[in-house]
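Q: What shape does this take:
(one chain, ligands or ions: 1)
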Amino acid sequence: MTGSQSPPRFAGKVVIVTGAGSGIGQGVATAFACEGAAVYGIDVDRAAVERSAQAASGARGQFIPLVADVSNPEQVSASVAQVLAQSRGVDVLVNNAGINMGRRIAQLELTDWNRVFDTNLRSVYLYSKAVWPSFASRRSGAIVNVASVMGQVGGVTAPAYCAAKAGIIMLSRCLAKDGGPQGIRVNSVCPGYIDTPIMDRAFEEAPDPAKARQAVIDKMPLGRMGSVQDVAAAILFLASADALYISGTELTIDGAVTATQID
Ligand code: NAI
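A: Prediction:
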């Protein structure tokens, strides 16, 4: 893996990406490394994040694997302390780690609710708070949070997930306003159907997984599910110098599937 031959956009930058062991997080962390960054890829699954780092070993930057559970305050603090001990400060934080749980309200237990909220939303608060002093002291920093179209339009089969993702969108806006005077930008992305293991698992719950996948593709105005690269490109843009006046907003990456709701 050598990345493109154009000058690396993130040379010398220090980036944290959570959930870097699989899917979107792996793709985002790898893309930053290909653009010259020192990327700390964090995941609760040690083997997965070490595989991701190994796969990115030819990149122009570095992919350094770290293990932490993003819902655990002590582990979040320890992982950020480790990054700060090894670097001169953090430039970009991508809060990507997340889980889905397709349970309607009748089946949704309090433990499910807490697990979804702790992994998807509390983690964004914990990591943002942990990197904030580093950003503020250097009067510069960018956070990109991975929300979802399900935080914009909702869905009956996953109320906890949708509510947590909507929370990410609002938290991002609040932090953007707070951080603006300190040179900190905060945005979120709202992916639609992206072809990753999280979707494979969702399709596998259907009676006919291949049919379920095709039904999703048939709904797509652009005729396909999104790729990890589609999401990575948007996240790198929001974190880059091309987006210096973009903060407090959401970028939807869904192939127009939620563009209209009525027909
Ligand atoms: P994935 O399941 O392929 O990858 C998620 C990664 O996060 C895994 O490596 C997993 O080990 C890690 N992770 C889970 N819980 C963790 C924890 N407590 N601490 C640390 N790491 C943890 O999922 P995918 O599809 O790449 O999703 C990434 C993000 O994108 C999630 O926040 C998801 O909600 C969001 N998203 C995904 C969409 C899709 O269609 N795939 C659509 C919209 C949003």
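Q: Report whether whichever helix or strand residue 234 is part of contacts the ligand.
A: Assigned by DSSP states H and E, residue 234 falls within helix 228-239. No: figure legend: helix 228-239 not in contact with the ligand (Cβ under 6 Å from any ligand atom); closest approach 7.1 Å. The C-beta positions use only the backbone N, C-alpha and C, and glycine is treated the same way.
Q: Dump the C-alpha coordinates for that helix into PDB.
A: Output of helix 228-239 as PDB, limited to C-alpha atoms (Å, rounded to 0.1, in the frame of the first residue of the first chain):
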ATOM      1  CA  VAL A 228     -15.900   2.300   3.300                       C
ATOM      2  CA  GLN A 229     -13.900   4.500   0.900                       C
ATOM      3  CA  ASP A 230     -16.900   6.700   0.200                       C
ATOM      4  CA  VAL A 231     -17.200   7.400   4.000                       C
ATOM      5  CA  ALA A 232     -13.400   7.800   4.500                       C
ATOM      6  CA  ALA A 233     -13.200  10.400   1.700                       C
ATOM      7  CA  ALA A 234     -15.800  12.500   3.400                       C
ATOM      8  CA  ILE A 235     -14.200  12.200   6.800                       C
ATOM      9  CA  LEU A 236     -10.800  13.100   5.500                       C
ATOM     10  CA  PHE A 237     -12.300  16.100   3.800                       C
ATOM     11  CA  LEU A 238     -14.000  17.400   7.000                       C
ATOM     12  CA  ALA A 239     -10.700  16.900   8.900                       C
END
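Q: list the helices and strands it packs on?
A: helix 23-34, strand 92-95, strand 141-146, strand 184-191, strand 250-253 (3 or more Cβ pairs under 8 Å, 6 or more residues apart in numbering; DSSP states H and E).
Q: again, only this time at 6 Å
A: Helices and strands touching helix 228-239, by 3 or more Cβ pairs under 6 Å, 6 or more residues apart in numbering; DSSP states H and E, are helix 23-34, strand 141-146, strand 184-191, strand 250-253.
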